[in-house]
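give me a 3D structure for the following:
(2 chains, ligands or ions: 2)
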Amino acid sequence: MAILEIKHVSKFFGGLAANADVSFTMTQGMIMGLIGPNGAGKTTLFNCITGYYPPSKGEVLFKGKLMNGLEPDMVCKLGMARTWQKVRPLAKMSVQDNVMVGALCRTGSLKKARELAMEQIMVVKLEHKADFPAGRLTIGERKKLEVARVLATRPELLLLDEVMGGLNPSESEEIIQLILDIKKQGITQMVIEHDMKAIMRISDRIVVLNSGEKLTEGSPQEVVNNPEVVKAYLGDFHA
Amino acid sequence: MKPLSLITGNTRGFSIPSLIIGIVLLGALFCFPSFVQSPYALHMMILLFLSTIMGESWNIIGGYTGQYSVGHAAYYGAGAYGTLVLLQKWEIPPWYGMWAGMAVAVLLSLIIGSICFRLRGPYFVLASIAVAEIVRITVLNTPAVTNGAEGILLSDLPPFKIGGTVITDFVSKVPFYYISLLLAIFTIVVTWLLQNSKLGYYVQAIREDQDAAHSLGISLSLYKSIALAISAALTSLAGSFYAIYIKFIDPSTVLSLDLSVQIVLIAIIGGIGTIYGPLIGALVLVPLSEALRSNVIAQGLINCGVVREDSGVGIFLKEHLAHAHVLIYGILVVIVILFMPDGVLGFVKKKSRDWGLGTGKGLDR
Ligand SMILES: Nc1ncnc2c1ncn2[C@@H]1O[C@H](COP(=O)(O)OP(=O)(O)OP(=O)(O)O)[C@@H](O)[C@H]1O
Ligand SMILES: [Mg+2]
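Ligands and ions are numbered 1, 2, ... in the order given. Okay, the predicted model is just below:
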């Protein structure tokens, strides 16, 4: 069953088409990889899907419901939640309080939220930092906090924007395992990542964006063997 | 846990020593009028409580929610005018009138919020100033209701009765002392409750990062509005109290930009986003402004021989220092921002951590 349908979504910033007529569909439980060179429009697409910007054109349907025009808080309450590429810790609050803010999306009780938060903090293995102010975490820990906090909102569809960016190999490996564990819980995921090896390992399907447009879509094998994809990436590197 | 945690605001439960200190302090405050009869001392304490109420109220929207309103005089004025207009024109006793003033303040806060909360950062600050100025000018130009620039002088305050028994006739300062003390305690309790509620978590998340908060399911407009409404309601109480205590209000005192700035300063100097910060701010600012007003600073400098009384500087200081409170406040704010970015309370916390007092845990909250 389709959980997310993106239909002809475009987003213009002045004359720049950050997304141009992008369409694809995600089914329940899958991991969709979203790749493309820098500035391809990946983050912009997340912003359009989650209500941060209204799309200039096109429709976003989540569980069959039209999302256009909904504010990010409503989108989150309906079960679609995202992390931020440029992490956004609630710096003066502790790690536990950060995750509690996420958990409070589903409960009014602080006690319950504290328990839910602790569960998610253990999932990302940050329990030794639970009382630490989020502003004093390392980049790797901040990325984990992003994931714990968003998981605490109990999403059905999780959008992860470069949660491995800037991490060392062992930290990246932890995140890969985490993503696979989240999949086992039945949560559908869309993952933006530049590390091709990682994205090949975790994705069921991959969408490639280039200059705002969808270049291609397919299984990881199909995508890496597509000459256009290779060209887009090489072009990017030689620019 | 050391007693210091009482003032540094560890909220996860109270320790026994801090509880005892709190009870002793409260007991002393309640007994104060039995030992000290001086009207001047009582007046100073009342001003201290009044400033605490204002600072704590602003702290809810400014300190906890991170929305720096510089228009809180509007809510203060709503309380003051609501109470006195009803009392003077229709002889409605202030303990009813204050609710009307509060209703006006809350209504006003919802309107102001719907206009200003679309804006962020400095734009919000400017909008809050502008809207409060509109309120002041409106009051100035509706003399039929508000007496305009002349202001309202309260001729007589009816005694406070419960079921025919007179509780107080308000002739001394003592009833005002207790009313303001109770209101100050009330605002602190409200702040404590806020900090330990979902609302408190949500507004602090908004303060830390609006976009992150929004994406975690928090309606920005809803929670900012709730916080502003609570803040406005409490501020209006301070205004109502001021009106019946001083017995004279006019737009240039209860609706001025000067007042809005002072309200902000109490919280900023003490330490925003903490339960006791505004109380500390009031403890600093009230004596300071009194010292400036009564010219003890200029006189002190002369008496210590720093400047000569008959010198040009001495005469200048004696004449002008009393009117220079805005300048002095400005200097104070610069000092606080440069050396104590988290206010006096934050500074004390940091020093106590450096010196190994108190526990590390909870100090960062
Ligand atoms: N708010 C904005 N206003 C104007 N232009 C924007 C805005 N946000 C993004 N852009 C532009 O849109 C294009 C796509 O940006 P986007 O951040 O979506 O790329 P991305 O694929 O996420 O890149 P990266 O891999 O570097 O994160 C870029 O050219 C960017 O400069
Ligand atoms: Mg991006």
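
measure stretch B:55-73 end to end?
12 Å (C-alpha to C-alpha, to the nearest Å).

give the rounded mean pLDDT of that stretch.
The average pLDDT for stretch B:55-73 rounds to 94.

do stretch A:116-127 as well
The model assigns stretch A:116-127 a mean pLDDT of 94.

name the helices or strands packed onto the helix or strand harbouring residue B:233?
Element membership for residue B:233, per DSSP states H and E: helix B:220-246. Judged by 3 or more C-beta pairs under 8 Å, 6 or more residues apart in numbering or on different chains; DSSP states H and E, helix B:220-246 is in contact with helix B:39-59, helix B:73-90, helix B:94-116, helix B:174-195, helix B:198-208, helix B:210-215, helix B:251-254. No exception for glycine: its C-beta is placed from N, CA and C like everyone else's.

those: which one's closest to residue A:128?
helix B:198-208 (22.2 Å; C-beta to C-beta).

is the closest one anywhere near chain A?
Yes: with C-beta under 8 Å from any C-beta of the partner chain as the measure, helix B:198-208 is seen reaching chain A through B:198, B:201-202, B:204-205, B:208.

which other residues reach that helix?
Residues from elsewhere that reach helix B:198-208, judged by C-beta atoms under 8 Å, 6 or more residues apart in numbering or on different chains: A:89-93, A:97, A:100-101, A:104, A:108, A:110, A:113, B:60, B:64-67, B:194, B:212-213, B:216, B:218, B:220, B:223-224, B:226-227, B:273.

what average pLDDT does stretch B:224-244 get?
The model assigns stretch B:224-244 a mean pLDDT of 96.

show me what from chain A comes close to ligand 1.
Residues of chain A found near ligand 1 (C-beta under 6 Å from any ligand atom) are A:13, A:16, A:18, A:36, A:38-44, A:85.

of those residues, closest to residue B:340?
Distance to residue B:340 across the residues of chain A next to ligand 1 (C-beta to C-beta) is lowest for residue A:85, with 34.7 Å.

OK, contacts around that closest one?
A:43, A:161-162, A:165, A:192.

for the most centrally placed residue in chain A, which non-adjacent residue is closest in space?
Taking C-alpha atoms, centre = their mean, the centroid of chain A lies closest to residue A:160, which sits 1.8 Å from it. Excluding the flanking residues, the one nearest residue A:160 by C-beta to C-beta, 6 or more residues apart in numbering or on different chains is residue A:191, at 4.8 Å.

now list the buried members of the residues of chain A next to ligand 1.
A:18, A:36, A:40-44, A:85 (16 or more other C-beta atoms under 10 Å in any protein chain shown).

quick one: which of those sit in strands?
Counting by DSSP state E, these place residue A:18 in strands.

what about the chain, any weak spots by pLDDT?
Going with chain A. A:234-239 (pLDDT under 70).

chain B, not that one
For chain B (pLDDT under 70), the answer is B:1-14, B:322, B:326, B:356-365.

highest neighbour count among the residues of helix B:198-208 next to chain A?
Counting by other C-beta atoms under 10 Å in any protein chain shown, residue B:205 has the largest number of neighbours within these, with 28 neighbours.

how much space between whichever residue of chain A sits closest to ligand 2 and chain B?
Using C-beta to the ion, the single residue of chain A nearest to ligand 2 is residue A:43, 3.1 Å away. To chain B, residue A:43 is 13 Å away according to C-beta to the nearest C-beta, to the nearest Å.
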